[in-house]
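Q: Structure, please.
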Amino acid sequence: MSRAVVLFTCDLRVHDNGALSRAASEHREVVPLFVLDRELLRRRCGSPNRLAFLVESLAGLASALADRGATLIVRRGDVVHEALRVAGEWQADTIHMSADTTPYAGARERRLRDACERERVRLCTHPGVTVLEPGAVTPVGGDHYRVFTPYMRAWSEAPRADPLPAPRRIAVPSGLPRAAVPSLSELTRAKPSPELPAGGEREARRALTGFVRGGLGGYDSLRDDLAAARTSHLSPYLHFGCLSPRTVLARAEGRDRSGGFARQFCWRDFHHQVLAARPDMIAVDYHPRGDRWRRAGRVAQAWRAGRTGYPIVDAGMRQLLHEGFIHNRARMIVASFLTKTLYIDWRLGAAHFAELLCDADVANNVGNWQWVAGTGNDARPNRVLNPLRQAERFDPLGDYVRRYVPELSAIEGAAVHRPWTLPARERRALDYPARIVDHELAARELHARRAAG
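A: Have a look, this model is predicted:
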């Protein structure tokens, strides 16, 4: 039996990790490796929120490996170069890694495969980012599903593999150095949001257990209730691979009676298979509508800061700033406000989310932004979410707004959603801006623009 490198990327866990399980069972010794990708740190993943979560997740991975007799090597630089370098240093003839669907990850995997062929090192990739791999189900005559409902039917009927157990023991070469997980200050000088979730597989599994026992039963009735905050909050752990989606669905089985929770994983897989087929949609409209977006300027900055004058929008944006997370219903509201009310390019919103979200999954971030903007896979591209109706429906008592917009905390009940209707003296006493736009007028202008082509 030979020696193998396990290259961790988007799979920072020991449970249901195909690359780790296969390497541990097929090879005499395993060299666990994580490379801090210099290019990602420089270009896209320098967000202090995600870096803070990453550092904690790496520390958790190192601890879980140590419990099994292994140690994690952490390097910094080009992933291809460092992976081959470590393989050479420890005479490994195979590299195992999880497959990813993003364009960047795909290009990186192709470079690694070419380099492995030159060095006569075998590269083995393993599924695990999604429940079903992109391409596992396809429509007749097409390479991917463009509409969600038929994809969901095919997805629901497709067989799924069971989660893999974590290896009990992992043999490593003698003399393998101990993990040197960097601190956040070594990676960035920027400060993360003050209330981030704790990273790592142990925290992920604790959060999953808590949700399955206490939140899954009322998921369908409460997941859109903004004040209740009864969504799973598992998305950062899925993004970093601290949990596998198969593990989550297996734990939820029998409790997700309506299938509403599983449907969210179907949406996640749907966006991944769209991105795999159309990698250009990161920057290009999936369905061009001929939009001539307004220039960003002052109103875009007000949106980013949560100072639009619409409390439900501002609450969502401030939750994002404070927690590196935003409730799913609030994501839809703030995205619709930017693209349909302010008529500003969805790419600006997607970039802002990518900067702050701990769970900034490329496929879902871009897919959902295009869906809301009407340029993606929505069968009703001209739908507009009225922020006041959304507030009245999903935050009827105003508790979500008061939680994140403290300058309005003294306004009781649903009146908090319409501060502009207060008497002039009370309005002047508030440190809160006037509305930057009239939503009803903006919605009519949007329909006129799109009707005119």
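Q: okay, CA-based contacts and neighbour counts for the rest of this
A: Will do.
Q: So Val212 sits against Ala250, correct?
A: No - counting by C-alpha atoms under 8 Å, Val212 does not reach Ala250; the two are 10.6 Å apart.
Q: Comparing these two, which residue is more hemmed in?
A: Val212 (18 against 11; other C-alpha atoms under 10 Å).
Q: Next, the residues that contact the longest strand along the chain from outside, please.
A: The residue-count maximum for a strand in the chain (DSSP state E) belongs to strand 29-37. By C-alpha atoms under 8 Å, 6 or more residues apart in numbering, the residues outside strand 29-37 that reach it are 2-9, 23-24, 70-79, 82-83, 90, 170-173, 176.
Q: Give the pairing partners of it; include direction for each.
A: strand 3-8 (parallel), strand 73-77 (parallel) (DSSP bridges).
Q: Counting neighbours, what do you get for the closest residue to Ala373 other than its chain neighbours?
A: Nearest non-adjacent residue to Ala373, counting by C-alpha to C-alpha, 6 or more residues apart in numbering: Thr339, 5.6 Å away. Neighbour count for Thr339, taken as other C-alpha under 10 Å: 24.
Q: ditto for Arg380
A: Using other C-alpha under 10 Å, Arg380 has 11 neighbouring residues.
Q: got the contact list for it?
A: By C-alpha under 8 Å, 6+ apart, the residues touching Arg380 are Gly374.
Q: quick revisit: export the strands paired with strand 29-37 as JSON lines, with columns for distance to His144.
A: Formatted as JSON lines, the strands paired with strand 29-37 follow (distance: least, C-alpha to C-alpha, whole Å):
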{"stretch": "strand 3-8", "distance to His144": "28"}
{"stretch": "strand 73-77", "distance to His144": "34"}
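Q: Over to Met97: give its phi and psi.
A: phi -150, psi 160 (degrees, to the nearest 10).
Q: Name all residues that make contact with the residue nearest to Ala373.
A: Going by C-alpha under 8 Å, 6+ apart, the list of residues near Thr339 reads 345-346, 372-373.
Q: Widest-spaced pair of the residues you listed?
A: With distances taken as C-alpha to C-alpha, the most widely separated pair in the contacts of Thr339 is Asp345 and Val372, at 11.3 Å.
Q: more neighbours, the two?
A: Under the neighbour definition other C-alpha under 10 Å, Asp345 and Val372 were set side by side, and Val372 has more, 28 against 21.
Q: in which helix or strand would I find that one?
A: Assessed by DSSP states H and E, Val372 sits inside helix 362-373.
Q: Are there helices or strands packed against that helix, and which ones?
A: If contacts are counted by 3 or more C-alpha pairs under 8 Å, 6 or more residues apart in numbering; DSSP states H and E, helix 362-373 sits against helix 260-277, helix 328-336, helix 346-356.
Q: could I get the strands paired with strand 29-37 as CSV with distance to Leu51, mean pLDDT and mean neighbour count?
A: Listed next are those as CSV, based on distance: least, C-alpha to C-alpha, whole Å; pLDDT from 0 to 100; neighbours: other C-alpha atoms under 10 Å:
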stretch, distance to Leu51, mean pLDDT, mean neighbour count
strand 3-8, 16, 98, 26
strand 73-77, 14, 95, 17
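Q: Relative to Arg278, which of those strands is closest?
A: Among these, the nearest to Arg278 by C-alpha to C-alpha is strand 3-8 (25.4 Å).
Q: Pull the residues that contact the closest one.
A: 19-20, 23, 27-35, 83, 86-87, 91-98.
Q: on that earlier part again, so which of the helices and strands packed on helix 362-373 gets nearest Leu446?
A: Closest approach to Leu446 among these is made by helix 328-336 (11.7 Å; C-alpha to C-alpha).
Q: Quick one: mean pLDDT for the closest one?
A: Taken as a whole, helix 328-336 has a mean pLDDT of 98.
Q: what's the angle from that helix to helix 362-373?
A: 60 degrees (axes from the mean of the first three to the mean of the last three C-alpha atoms, to 10 degrees).
Q: Quick check: buried residues in helix 328-336?
A: By 16 or more other C-alpha atoms under 10 Å, the buried positions in helix 328-336 come out as 328-336.
Q: Export those as TSV, with columns for distance to Tyr151.
A: Output for these, formatted as TSV (distance: C-alpha to C-alpha, whole Å):
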residue	distance to Tyr151
Asn328	21
Arg329	22
Ala330	25
Arg331	23
Met332	22
Ile333	25
Val334	27
Ala335	24
Ser336	24
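Q: measure Pro387 to Leu320 for me?
A: Distance, Pro387 to Leu320, using C-alpha to C-alpha, to the nearest Å: 17 Å.
Q: quick one, which of those two is more surrounded?
A: Using other C-alpha under 10 Å as the criterion, Pro387 and Leu320 rank with Leu320 on top: 25 against 22.
Q: The more buried one is in contact with Asn328, isn't it?
A: No - counting by C-alpha under 8 Å, Asn328 is not a contact partner of Leu320; they are 11.1 Å apart.
Q: and Arg68, how many neighbours?
A: By the other C-alpha under 10 Å criterion, the neighbourhood of Arg68 contains 15 residues.
Q: How about Arg298?
A: 9.
Q: Backbone dihedrals for it, please?
A: Torsion angles at Arg298 (phi, psi; degrees, to the nearest 10) stand at phi -60, psi -40.
Q: In contact with it: list those residues for me.
A: Counting by C-alpha under 8 Å, 6+ apart, Arg298 makes contact with nothing.
Q: how far away is it from Leu342?
A: Using C-alpha to C-alpha, we find Arg298 at a distance of 11 Å from Leu342.
Q: Same question for Thr125.
A: Separation of Thr125 from Leu342 (C-alpha to C-alpha) stands at 44 Å.
Q: Equivalent analysis for Leu422, please.
A: Taking C-alpha to C-alpha, one finds Leu422 at 24 Å from Leu342.
Q: So for the two, which sits in the more crowded spot?
A: Leu342 (24 against 13).
Q: Could you give the number of residues near the closest residue to that one other than its chain neighbours?
A: Excluding its sequence neighbours, the residue lying closest to Leu342 (C-alpha to C-alpha, 6+ apart) is Ala442, at 7.1 Å. When counting by other C-alpha under 10 Å, one arrives at 16 neighbours for Ala442.
Q: For the helix or strand hosting Ala442, buried residues please.
A: Per DSSP H and E: Ala442 is located in helix 439-451. Neighbour-count burial for helix 439-451 flags 439, 442-443, 446 (criterion: 16+ other C-alpha under 10 Å).
Q: Following element in sequence after the helix or strand containing Gln301, please.
A: For Gln301, the enclosing helix or strand under DSSP H and E is helix 297-305. Counting by DSSP H and E, the element after helix 297-305 in chain order, helix or strand, is helix 311-323.
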